[in-house]
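J.: With the input below, show me the fold.
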Amino acid sequence: MATAVAKAASSEVMNAKKIIAEIESKWEGSLSSEEKQNNESLIRETIHRLFEREQSIPEISILKSFVDLSLNGVIKDKCSSVLPFSVLSDVFDLLDIRRCEEMFAYVEKRSELWENATLYNAGKNQLLRMCNELLRRLSSSQNIIFAGRIQIFLAALFPLSEKSGLNLMSHFNLDNVTKHSTDAEFEKYIEEFKEKKLTVPFDFTLYHKFWSLQSYFNQPNRCYEKLGWKTMNCYAEEVLKIFASFKLDSNGAEPGTNQPKPAVAAQTMASAAHCYFAKFLTSPKLFDLELSDTNFRRHVLIQMLILFQYLEADVKFKTPAQVLNSEQRQWVARTSEQVYQLLRETPPNGEEFAQMVRHILGREQYWNSWKSNGCPSFVRAADGEQRLPPPKRPKKRSLGDDIQSHGSKMVKMGSTELTRLWNFCRDNLEASSRIERRFLPDLNEFFEEAIEQLDPANMVDEEYRLIRNGGWSWRALRLVARKSPSFFSPVISGQQSRSLPEIMEEFCKTFGKDKAAANQEHKENDIQEEMENHSDGEEESHKVTDEHIQLIAESLKDAGEQLATELSVKHAESVVAMLREWISREGANATIDALTDALREIGQSALAEKLV
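T.: Have a look, this model is predicted:
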């Protein structure tokens, strides 16, 4: 069986080589557009046939030959410029990840060809789509190097201002969620922690706060919420307190102990070695080792600095509510300096590392400003060359503007009737939407007579009712179809066997109920509005006005202190000041009734009657 499969695969390979040689021989002469399309289809069909055999995958060299063939065809103008990208997309879709990595090395070596203006303009979108599809297939933990090669290739190929790589809308990767153990899962390790001597003692509270910070690094906008800011603030201070309490020295041992930590010592011996965390390991068993690891500590501290910088940054797509107040800004500045101090104290080369991080984040601010300003071009005008503003797109002229460009008020169209119609209204859309152009009658007015005829009190014989009139019924049906969703009710769609008069009778009953409900609602609204107006008028009439205050001030000369005592107002300079202080204190309760009651208590009944 294996021999048969091998022979079949070998036959397909020989056939593919013959097709390549045959197409290359045809490309020596001139080709029509139809012949070009036939050759392109033949190339893609041959590649698919190579993969149709079970348990046989074509050699990478054969696939490279087809891509080279398509590239030579583009150079010789024997095929479309999109063909090489279509061939590559087909190949990557059919290969597994391991062979895709081999094939991508070929794509990287041909990077100068992809930068050619003809190829780049024709296939940049397809090449970008192909690379993104590859990235979706790759594992975030097992294919890190391959994914990095694809990202570097795209960054080198596309210009810096390419919109697809800028994240202009400032979206966050919400799929990158860091999960950690729950309280119940953490209890399984408590006995093990008691037997084992921990370098950094911790409990579930510290463990939970530490890993919960990752959710704020993942979604920074949560920090603008009151509860989110308070929680992030608490968790960040707790983590920084732990880092400050358990510092690492350059010998890989905790200060005050003689026991070296293997992770830190190894980092000190090979400080130039590259260290990359594809994903945080959140097991409680590893938490003690992670807190003692230099690279892990630096990762978390840098995450904090990135979060703090974003919270203060002027990002174009932030909402007006996403702004820190002065107290929050002070906390961010103070905590950022604390983080930089911890970076300087973290070996090896802590001082140099902290300066490098500060420099990189400073450059990041320039990058954010460039994006917020709409990504202006990096190309500068030559010395002495005046940079001209971009040309404005001319406004599209309508036919009426072209005809009237000679300046005459009356546009001559060649005949009296056409001239009258054209000059009737210059805007055709406005003319069509005028009231006199609305020929459909109002739905309620059209059905009003038919609804009244269905009322038994009007004693209209059934044979004389409008619903028995075929012409009226068909006009009513068309009007309902244009103006009411009732046309799609079960009256039409679910009961097709019913006669047209019966359907019209159902419509009349439905519209009659709707009209009655609408009238009732209008009445209730009118009554409610009248009651509100009446209550507002009563409230206005019960308020103490400036006229009332002036009348009391003129009438009370010797009894002002008595009224102040009755109203519980102290240290008033005058009656006017006393009354205004009382009104300000009591608010809505400072009414004419309350004031007249106080006047009667002090024996000023006559004055109280004047106020009423």
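
J.: got a list of contacts for stretch 70-89?
T.: The contact list for stretch 70-89, computed with CB atoms under 8 Å, 6 or more residues apart in numbering, reads 23-24, 27, 31, 36, 39-40, 43-44, 47, 66-67, 107, 110, 113, 118-119, 121-123, 126-127, 129-130. C-betas here are computed from N, CA, C, even on glycine.

J.: May I have the distance across that stretch, first residue to last?
T.: With CA to CA, to the nearest Å as the measure, stretch 70-89 spans 13 Å from end to end.

J.: Only the buried residues of it, if you could.
T.: 70-71, 73-74, 78-89 (16 or more other CB atoms under 10 Å).

J.: What of stretch 293-307?
T.: 293-294, 296-298, 300-307.

J.: want to throw those into a markdown table with secondary structure and pLDDT?
T.: Shown next, in a markdown table, are those (DSSP: H, G, I helix; E, B strand; the rest coil; pLDDT from 0 to 100):
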| residue | secondary structure | pLDDT |
| --- | --- | --- |
| Asp293 | coil | 90 |
| Thr294 | helix | 91 |
| Phe296 | helix | 92 |
| Arg297 | helix | 93 |
| Arg298 | helix | 94 |
| Val300 | helix | 94 |
| Leu301 | helix | 96 |
| Ile302 | helix | 95 |
| Gln303 | helix | 95 |
| Met304 | helix | 96 |
| Leu305 | helix | 96 |
| Ile306 | helix | 95 |
| Leu307 | helix | 95 |
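
J.: Now Thr591: phi and psi?
T.: phi -110, psi 170 (degrees, to the nearest 10).

J.: So what pairs up with it in the strands?
T.: Taking DSSP bridges as the rule, Thr591 bridges to Lys543.

J.: Verify the stated contact: it with Thr545.
T.: No: in this structure Thr591 lies outside contact range of Thr545 using CB atoms under 8 Å: 11.3 Å.

J.: quick one, which of those two is more surrounded?
T.: Neighbour totals were compared for Thr591 and Thr545, and Thr591 leads with 16 against 12 (other CB atoms under 10 Å).

J.: Need the per-residue pLDDT for the more buried one.
T.: The model reports Thr591 with a pLDDT of 79.

J.: distance of it from Leu361?
T.: Separation of Thr591 from Leu361 (CB to CB, to the nearest Å): 63 Å.

J.: now Ser33
T.: Ser33 is 55 Å from Leu361, by CB to CB.

J.: With neighbour numbers in mind, choose between these two.
T.: The residue with more neighbours, out of Ser33 and Leu361, is Leu361; 15 against 8, by other CB under 10 Å.

J.: quick one, what contacts the more buried one?
T.: 305-306, 309.

J.: Using the three-state scheme, assign it.
T.: Under DSSP: H, G, I helix; E, B strand; the rest coil, the three-state class of Leu361 is helix.

J.: And the pLDDT for it?
T.: 95.

J.: and what of Lys261?
T.: Note for Lys261: predicted pLDDT of 49.

J.: likewise Ser405?
T.: So, for Ser405, pLDDT stands at 54.

J.: Likewise for Val491?
T.: 52.

J.: Number the residues from 26 up from this point.
T.: That works, and once the first residue is 26, the last one we named lands at Val516.

J.: pLDDT on stretch 570-582, on average?
T.: pLDDT averaged over stretch 570-582 gives 75.

J.: For that stretch, buried residues please.
T.: 573-574, 577-578, 580-581.

J.: swap in stretch 595-608?
T.: Taking 16+ other CB under 10 Å as the criterion, stretch 595-608 shows 597, 600, 603-608 as buried.

J.: Out of these, flag the one nearest to Ala456.
T.: Distance to Ala456, by CB to CB, is smallest for Ile608 among the buried residues of stretch 595-608, at 59.8 Å.

J.: Quick check: nearest residue in space to the closest one, chain neighbours excluded?
T.: Spatial nearest neighbour of Ile608, chain neighbours left out: Ala615 (4.3 Å); criterion: CB to CB, 6 or more residues apart in numbering.

J.: show me what contacts the one you found?
T.: The contact partners of Ala615, taken as CB under 8 Å, 6+ apart, are 568-569, 607-608.

J.: Among the residues you listed, which pair sits farthest apart?
T.: Among the contacts of Ala615, Lys568 and Trp607 lie farthest apart (CB to CB), at 13.1 Å.

J.: Backbone torsions only: list them for Lys341.
T.: phi -60, psi -40.

J.: Could you report the pLDDT at it?
T.: The model's pLDDT for Lys341 equals 80.

J.: Likewise for the one 10 residues further on?
T.: Listed pLDDT for Ser351 reads 94.

J.: count of neighbours near it?
T.: Neighbours of Ser351 (other CB under 10 Å): 7.

J.: pull the helix or strand with minimum mean pLDDT from the chain.
T.: helix 287-294 (a mean of 46; mean pLDDT, DSSP states H and E).

J.: Check which residues of the next helix or strand after that helix are buried.
T.: Going down the chain from helix 287-294, the next helix or strand is helix 309-316, by DSSP states H and E. Using 16+ other CB under 10 Å as the test for burial, helix 309-316 gives 309, 312-316.

J.: Select only the buried ones of the contacts of stretch 95-114 in PyMOL?
T.: Burial among the contacts of stretch 95-114 is assessed by 16+ other CB under 10 Å; the matching PyMOL selection reads:
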select buried, resi 48+52+56+61+64+65+68+69+72+91+92+132+135+144+147+148+152+155
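
J.: from the contacts of stretch 95-114, which ones fall inside helices?
T.: Mapping those onto helices (DSSP state H) picks out 48-49, 61, 64-65, 68-69, 72, 91-92, 132, 138, 143-144, 146-148, 151-152, 154-155.

J.: need the contact list for the nearest residue to Leu67 once chain neighbours are set aside.
T.: Using CB to CB, 6+ apart and skipping the chain neighbours, the partner closest in space to Leu67 is Ile44 (6.5 Å). Residues near Ile44 by CB under 8 Å, 6+ apart: 67-68, 71.

J.: Closest one to Leu525 out of these, please.
T.: Using CB to CB, the contacts of Ile44 come closest to Leu525 at Leu67, 62.7 Å.

J.: which one of the contacts of Ala615 is nearest Gln390?
T.: Comparing the contacts of Ala615 against Gln390 with CB to CB places Ile608 closest, at 54.1 Å.

J.: hang on, that closest one packs against Val569?
T.: Yes: using CB under 8 Å, Ile608 is in contact with Val569, at 5.9 Å.

J.: what bits of the stretch 176-325 of the chain have low per-residue confidence?
T.: Residue ranges of the stretch 176-325 of the chain with pLDDT under 70: 275-303.

J.: ok, the nearest residue to Gly375 once chain neighbours are set aside - contacts?
T.: Nearest residue to Gly375 in three dimensions, chain neighbours excluded: Arg369, at 4.6 Å (CB to CB, 6+ apart). The contact partners of Arg369, by CB under 8 Å, 6+ apart, come to 375-376, 378-379.
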